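Chemist: sequence plus the predicted model coming up.
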There are 2 protein chains.
Amino acid sequence: MLVGIGLMPHGNPVLNPEDEETRRLAEVLEEIGREFSKADSYVIISPHNVRMSEAFGVIMAENLVSWIGFGGIELPGDYQTERELAREIYGRAKAKGLPVVDINFASLGGEYSRFPLTWGELIPLHFLEKRPLVLLTPARKVPRRILVGFGEVIAEVLEEDEKRIAFIVSADHGHAHDPNGPYGYAPEAKEYDKRIMQFIKENKLEKLLSISDELINKALPDSYWQLLVLYGVLKKVPMKVKATAYACPSYFGMGAALFVRS
Amino acid sequence: MLVGIGLMPHGNPVLNPEDEETRRLAEVLEEIGREFSKADSYVIISPHNVRMSEAFGVIMAENLVSWIGFGGIELPGDYQTERELAREIYGRAKAKGLPVVDINFASLGGEYSRFPLTWGELIPLHFLEKRPLVLLTPARKVPRRILVGFGEVIAEVLEEDEKRIAFIVSADHGHAHDPNGPYGYAPEAKEYDKRIMQFIKENKLEKLLSISDELINKALPDSYWQLLVLYGVLKKVPMKVKATAYACPSYFGMGAALFVRS
């Protein structure tokens, strides 16, 4: 069964918070870690692993290994894939006609069947006790209803599983908060972040559908697509919001939310 | 334009040949390297990178970096992706209705957009001068005509390109040659290897379609699917066979072939 959901950022600042808001954000991440210490495994969706335009990825490689940190911050990490669960998610999504591929690597099994992890997975996982996991990847060029549909499939599969599974959504928000940042300044970054954090606090993720492509394109988040998947999960398994936090200590916004069973 | 095709093995024995047949095989690999020193870039299809059941992969990551060697033999390697060509292959295959995905990783561009290489790519590339390349991956659970069709698309795209491009097929053959090997012994390994090398020497790859699934399943090659892609390329751009070699110094068969413009 699905025991809860963590929306978690993957920006380096949460590893070493330097201001009050970021400290509060890191506290919520630690709370998510404590809450999910009861989970047997995680399903994590990350925007910084495989990036396919029009297909969701289900990583089938047996071993998931740290490979790329951001800005020189290298976190170690070595996880096992919960392959049976991965196969079930892949099979169910495919049966529903969703655009999904199963991604193994090098060998079909054994030590050579391994896949690289980046900061997009390693930073959220840093706050969680070590468990087997399933790594999923979103896609930006699929219709919104398909993203929501993928979330519904994930929820169904996790709900039917005997194990206690937490769903982790790795996401950062607007990346255009700082005129001196790599993406420059756009007021839409603040607007986007404000709206999505409000929808999360209100627990009304259906409002995500009101966000225009234009706002997304200007705000430059890496969250919108995973948030639609999250909305799909919550449509199937409604939960309550136990904690949220937001900080923007550099050029991009970071948010955290803990959803637990009602 | 397509300047030629190299069928190249990826087994460690070619790096340090210990018998006459393997030495002859390595010589043909060196000949392929010399022949393609005139190429501007390579398109390589490998069975030991991304392994998806039902979709071809076109790797879009900017940087391709050595990550996994086999049996402790680690070859270095750091290549640039020819992204425009990769996009063209992806777009054309998709437009033809083939099951294909574009695979970027971590970031859309820049230093973090990188993807791991294995022995499946690094050993063939070891025999070739360094060039930008496009990495493709085959799929085992697609119909044979779709594999041939992917080859036809590749040939069309390479033929239309202004650059001189060599197509590299990474493949080993039967893996059940040795009762003490990891896959045990099956007489079908020898039979499979004999047939495919004969088809290659005769330059009659259409005969690949006569090989039964049963023979493939017992011989345990990692070549059949790429060979169908190769057949598709040769259907569009017929070439002559300039050199071939075969050796089986351990539990798996290795073959090389150099195809050049007629």
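Modeler: Received, thanks.

Chemist: and the spatially most central residue of chain A, what helix or strand is that in?
Modeler: By Cα atoms, centre = their mean, chain A has its centre lying nearest to residue A:169, at 2.1 Å. In the assignment (DSSP states H and E), residue A:169 maps to strand A:165-170.

Chemist: so what touches that strand?
Modeler: For strand A:165-170, contacts defined as Cβ atoms under 8 Å, 6 or more residues apart in numbering or on different chains pick out A:1-10, A:35-36, A:39-48, A:85, A:120-121, A:123-125, A:128, A:154, A:158, A:226-227, A:229-230, A:233. Heads up, the C-betas are built off the backbone N, CA and C, glycines and all.

Chemist: the residues you listed in strands, which ones?
Modeler: The strands, defined by DSSP state E, take in A:2, A:3, A:4, A:5, A:6, A:7, A:8, A:41, A:42, A:43, A:44, A:45 from the contacts of strand A:165-170.

Chemist: now do the contacts for the second one.
Modeler: Counting by Cβ under 8 Å, 6+ apart, residue A:3 touches A:36, A:38, A:39, A:164, A:165, A:166, A:260, A:261.

Chemist: could you pull up phi and psi at residue A:64?
Modeler: phi -120, psi 120 (degrees, to the nearest 10).

Chemist: burial count for the closest residue to it other than its chain neighbours?
Modeler: Residue nearest to residue A:64 in three dimensions, not counting chain neighbours: residue A:79, with 4.3 Å by Cβ to Cβ, 6 or more residues apart in numbering or on different chains. Applying other Cβ atoms under 10 Å in any protein chain shown, we find 23 residues neighbouring residue A:79.

Chemist: just checking: what are the partner strands of the helix or strand hosting residue A:79?
Modeler: Per DSSP H and E, residue A:79 falls inside strand A:78-80. Taking DSSP bridges as the criterion, strand A:78-80 forms sheet pairs with strand A:63-68 (antiparallel).

Chemist: what's the angle from the strand it pairs with to strand A:41-45?
Modeler: Computed by axes from the mean of the first three to the mean of the last three Cα atoms, to 10 degrees, the angle separating strand A:63-68 from strand A:41-45 equals 40 degrees.

Chemist: thought residue A:83 was touching residue A:60?
Modeler: Yes - using Cβ atoms under 8 Å, residue A:83 makes contact with residue A:60 at a distance of 6.4 Å.

Chemist: okay, these two: which has more neighbours?
Modeler: Comparing residue A:83 with residue A:60 by other Cβ under 10 Å, the one with more neighbours is residue A:60, at 24 against 17.

Chemist: my guess is the more buried one contacts residue A:104. True?
Modeler: Yes - counting by Cβ under 8 Å, residue A:60 touches residue A:104, with 4.3 Å between them.

Chemist: residues that sit against both of those two, list them.
Modeler: With Cβ under 8 Å, 6+ apart, residue A:60 and residue A:104 have common neighbours residue A:113.

Chemist: which ones are touching the residue nearest to residue A:133 when sequence neighbours are not counted?
Modeler: Distances taken as Cβ to Cβ, 6+ apart put residue A:42 closest to residue A:133, at 4.3 Å, once the chain neighbours are dropped. By Cβ under 8 Å, 6+ apart, the contact set of residue A:42 is A:36, A:125, A:128, A:131, A:132, A:133, A:134, A:165, A:166, A:167, A:168.

Chemist: mind checking the SS state of residue A:197?
Modeler: Assigned state for residue A:197: helix (three-state reduction, DSSP: H, G, I helix; E, B strand; the rest coil).
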